[in-house]
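Chemist: no sequence on hand, only this structure:
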């Protein structure tokens, strides 16, 4: 009973206050929230996101602080959603084209009947660019429903030359810049025979590399 009287008293008080302030007891229309981003700011946001799909909300916040626009994450996210852009995990672009897959399958089929002795004497090598994606290795992109952008990588990377055989792994060499014929020959000169010796491949073995131009060059 006491609680009901208390609620009634508060209701009467709010009606009296409304009369004093607005001269009416009718329910007033709600004004709602004003637009957070200006039209100019919204257009700039959509243009920037469309240009660089992998920019995250934190980066947009920083640039909008500099522009003097509202910079809450929810504000920026809502503006993008209103423009039909949503954050999604990007599908990665395949590293091999169909012709590469076909060539590798044909190679494997040609060597199916090789003896184990022959396989034990093969020394493999290749170069790789290792992308540093972060802990979960997931990239997010802004996109409209129905579109599926792909990405090759994101962030920093390191370049490596490595080797292995049935016996285990040989040397792993990190190098700077783009690999060319001269740099490749230098790596082989300093690491190939020593790796083969470490793996106990003996005096005779088959060194295997792919058909990259720097591998097949006459100087190499």
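Modeler: Yep, that arrived. Being a predicted model, the structure only gives us computed values, none of them experimental.

Chemist: among the helices and strands of the chain, which has the poorest mean pLDDT?
Modeler: strand 150-151 (a mean of 52; mean pLDDT, DSSP states H and E).

Chemist: which other helices and strands does the next helix or strand after it contact?
Modeler: Where DSSP states H and E defines the elements, the next helix or strand beyond strand 150-151 is strand 157-165. Where contact means 3 or more C-beta pairs under 8 Å, 6 or more residues apart in numbering; DSSP states H and E, strand 157-165 is packed against strand 122-131, strand 168-175, helix 181-198. To be clear about C-beta, it is placed using only N, CA and C from the backbone, and glycine gets the same treatment.

Chemist: out of the ones you listed, flag the one nearest residue 207.
Modeler: strand 122-131 (5.2 Å; C-beta to C-beta).

Chemist: counting by contacts, list what the closest one packs against.
Modeler: Applying 3+ C-beta pairs under 8 Å, 6+ apart, one finds that strand 122-131 contacts strand 157-165, helix 181-198, strand 206-208.

Chemist: pick the most deeply packed of those.
Modeler: strand 157-165 (a mean of 17; mean count of other C-beta atoms under 10 Å).

Chemist: strand partners (parallel or antiparallel) of it?
Modeler: Its sheet considered, strand 157-165 pairs with strand 122-131 (antiparallel), strand 168-175 (antiparallel) by DSSP bridges.

Chemist: mind checking which of the helices and strands packed on strand 157-165 is nearest residue 208?
Modeler: Residue 208 sits nearest to strand 122-131 of all the helices and strands packed on strand 157-165, at 4.9 Å, using C-beta to C-beta.

Chemist: that older thread, want to try CSV for the strands paired with strand 157-165, with distance to residue 184 and mean pLDDT as columns?
Modeler: Shown next, in CSV, are the strands paired with strand 157-165 (distance: least, C-beta to C-beta, whole Å; pLDDT from 0 to 100):
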stretch, distance to residue 184, mean pLDDT
strand 122-131, 8, 87
strand 168-175, 9, 92
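
Chemist: hmm, residue 127 is touching residue 179, no?
Modeler: Yes - judged on C-beta atoms under 8 Å, residue 127 makes contact with residue 179 at a distance of 5.6 Å.

Chemist: any common contacting residues for these two?
Modeler: Shared contacts of residue 127 and residue 179 (C-beta atoms under 8 Å, 6 or more residues apart in numbering): 159, 161.
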